[in-house]
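Student: with the input below, show me the fold.
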Amino acid sequence: MYTTQTPNEPAPAQYERDIIGHVRSVGGSSAAIELAGNMVRDAACATVGKFLGIVSGDGVIIGMVTEVSEQAGARGVSIAHIDLFGEMKERNGVPAFSRGITDYPTIGEPALLMTNDELRLIYGNKRATAHVGMLRQDSTIKALVDVDELLNKHFAILGTTGVGKSSGVAIILQQVLAARPDLRIFLVDPHNEYGRCFGDKAQVLNPRNLRLPFWLFNFEETVDAFFGGRPGVDEEVEILADVIPIAKGAYLQYRNANERMLSKRRDPKSAGFTADTPAPYRIEDLIGLIDERMGKLENRSSRSHHYKLLQRIQTFRNNPRYAFMFENANVGGDTMAEIISNLFRLPANGKPVTVMQLAGFPAEVVDSVVSVLCRMAFDFGLWSDGVAPLLFICEEAHRYASSAESKTGFGPTRRALSRIAKEGRKYGVYLGLVTQRPCEIDPNIISQCNTLFVMRLANDRDQALIRSAISDAASSLLTFVPSLSTGEAFVFGAGVALPMQMKFNNMPEQFRPSSEVGKSAHASADAGLDLITSVIDRWRSATMSQKLYEDDGSYDTGFVREDAPPMQPAPLTGGLDPQRSRLLKQPLSAALGSADLPKTWR
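Tutor: Got it, this is the predicted structure:
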């Protein structure tokens, strides 16, 4: 299979193949090669990151050079330390590569430098593959990833800020989508970077066009939302646990007007709902039930807890920043099917990707929103028996999948991601984690990701966690990680034939991830007062339920502009201005004209 020659023999003209050294020691996953020095041309190329082959028996054992040192006491003699990954043998007259070692080499056996053709054979894959980049050792060799292994056993992309993680994510997802057109992708986008990466194949959701009714939140998520991300007051939480199931039962009484008139009313308490049942209810019913219970209490302390909870819910419900939860929440009745269809693209209608932009959501409910989405993704896969495969990508995963010991993060979100990581593959729900701080992620979650794209990382704790997560002999390759350049990654695990150092493909400028936050501000940083006015308009509109659009497509927040007459305080004597008094006595629609009002105010 291989033609070899000693350093003193001339290479055959038709096939030059030098023995560059001999085995000096062998371990369970590594070997040391004494290089032949200046007598052989190829020996000078046997540096860190190169692949060597040890000719042993009827095959060649493949390894990567991880360290080159000078032999102690023998000046000028170099030792190459290699990690062993697999072997090449002829099967039916055709050379083939396989992971693992069946027969270890012996002392003195010759070592060769692997050729480009042999590297293509090693990294080639005849299964469904994604071409995500090029091999670092040879830019003519494609870096291919096994899509089925990548999805079925989950994956993670790890790297510090600025090393090209977002571009890598976009490239991987584009290639995976090309190889698996039946797949749906749901991407959690905390910084609004991916909106343009998939062109017309993606639906972009944000607070302006998302409808996620409050009744889809389970009990823990509801408490987190009502209490603004802070721990709930025990007494108030107990009240909520009692009244939410009753409110869900009460919704059945008037879900259908004809049914309500013809059928006998049932006791809402007997409907069988729990606080976690994803069934609709009206926030007015919830408020009414709390108010009714408060009216029957004589204990002042208990009444105080009911009153505080009532005020908390009303304040939360009336805040326009939470319009995506409350506006039209019960219009159309039970809309859970339509919501799932929209979120997870069933049917896809040419847009199999959902990009959930989180930058515009109130910070107090972001954790709850992500928890709802993770939980619904898993539960739909569970109860549908995996009929619609879904890849759930979690950017900035350390924010949502932090370890249980950490004081950050939201417990239900971590548990939802953990369920996907541990059980999701059984139900067609796959997980992709993207993070710059892997050491902050729950080890039980990241350990389920069997393919790792490791980009530049300098933190020792991050490297230690990755080292513990890599199950094969490639852990010593992590010494390369701090010196990787932008766009480069080491890939370990089930998705590749053997660990490889690769560089991601370049993306067209129009599809590269780019944060939308602050883009317009940078473009007009010298605009002075005009810039400030624009920023104030956007600032104020973020707390309004609707924008009042003008005929030219721009919007007016309804606030006084700089060209309006200055506002004057009301006179301290003489009472209110008569004109103002008359306006205050009129209904709001008559004073302003119903056409000038948002629909929710009419």
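
Student: name the SS class of the nearest residue to Val68 once chain neighbours are set aside, please.
Tutor: Nearest residue to Val68 in three dimensions, chain neighbours excluded: Ala80, at 5.2 Å (Cβ to Cβ, 6 or more residues apart in numbering). To be clear about C-beta, it is placed using only N, CA and C from the backbone, and glycine gets the same treatment. Per DSSP: H, G, I helix; E, B strand; the rest coil, the local secondary structure of Ala80 is strand.

Student: one more: the one 4 residues further on?
Tutor: When the structure is reduced to helix, strand and coil (three-state DSSP), Leu84 reads as strand.

Student: look up which residues are beta-bridged to it.
Tutor: When bridges are taken as DSSP bridges, the partners of Leu84 come out as Gly63.

Student: residue contacts, it?
Tutor: By Cβ atoms under 8 Å, 6 or more residues apart in numbering, the residues touching Leu84 are Ser29, Ser30, Ala31, Ile61, Ile62, Gly63, Ile101, Ala473.

Student: residues of stretch 110-128 that come out buried?
Tutor: Residues Pro110, Ala111, Leu112, Leu113, Met114, Glu118, Leu119, Leu121, Ile122, Tyr123, Asn125, Ala128 are the ones in stretch 110-128 that count as buried (16 or more other Cβ atoms under 10 Å).

Student: including distance to Arg282, secondary structure and pLDDT, could those go into JSON lines?
Tutor: Below are those laid out as JSON lines (distance: Cβ to Cβ, whole Å; DSSP: H, G, I helix; E, B strand; the rest coil; pLDDT from 0 to 100):
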{"residue": "Pro110", "distance to Arg282": "80", "secondary structure": "strand", "pLDDT": "93"}
{"residue": "Ala111", "distance to Arg282": "75", "secondary structure": "strand", "pLDDT": "93"}
{"residue": "Leu112", "distance to Arg282": "75", "secondary structure": "strand", "pLDDT": "90"}
{"residue": "Leu113", "distance to Arg282": "73", "secondary structure": "strand", "pLDDT": "89"}
{"residue": "Met114", "distance to Arg282": "69", "secondary structure": "coil", "pLDDT": "88"}
{"residue": "Glu118", "distance to Arg282": "68", "secondary structure": "helix", "pLDDT": "87"}
{"residue": "Leu119", "distance to Arg282": "64", "secondary structure": "helix", "pLDDT": "87"}
{"residue": "Leu121", "distance to Arg282": "65", "secondary structure": "helix", "pLDDT": "85"}
{"residue": "Ile122", "distance to Arg282": "62", "secondary structure": "helix", "pLDDT": "84"}
{"residue": "Tyr123", "distance to Arg282": "59", "secondary structure": "helix", "pLDDT": "84"}
{"residue": "Asn125", "distance to Arg282": "55", "secondary structure": "coil", "pLDDT": "66"}
{"residue": "Ala128", "distance to Arg282": "48", "secondary structure": "coil", "pLDDT": "62"}
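
Student: buried ones in the helix or strand containing Arg375?
Tutor: Element membership for Arg375, per DSSP states H and E: helix 363-383. By neighbour count on 16+ other Cβ under 10 Å, the buried set for helix 363-383 is 364-382.

Student: do the same with stretch 173-186
Tutor: Quick answer for stretch 173-186 (16+ other Cβ under 10 Å): Leu173, Gln174, Gln175, Val176, Leu177, Ala179, Arg180, Leu183, Arg184, Ile185, Phe186.

Student: ok, the fifth one - contacts?
Tutor: Contacts here follow Cβ under 8 Å, 6+ apart; on that basis Leu177 touches Leu183, Ile185, Phe198, Lys201, Pro352, Val353.
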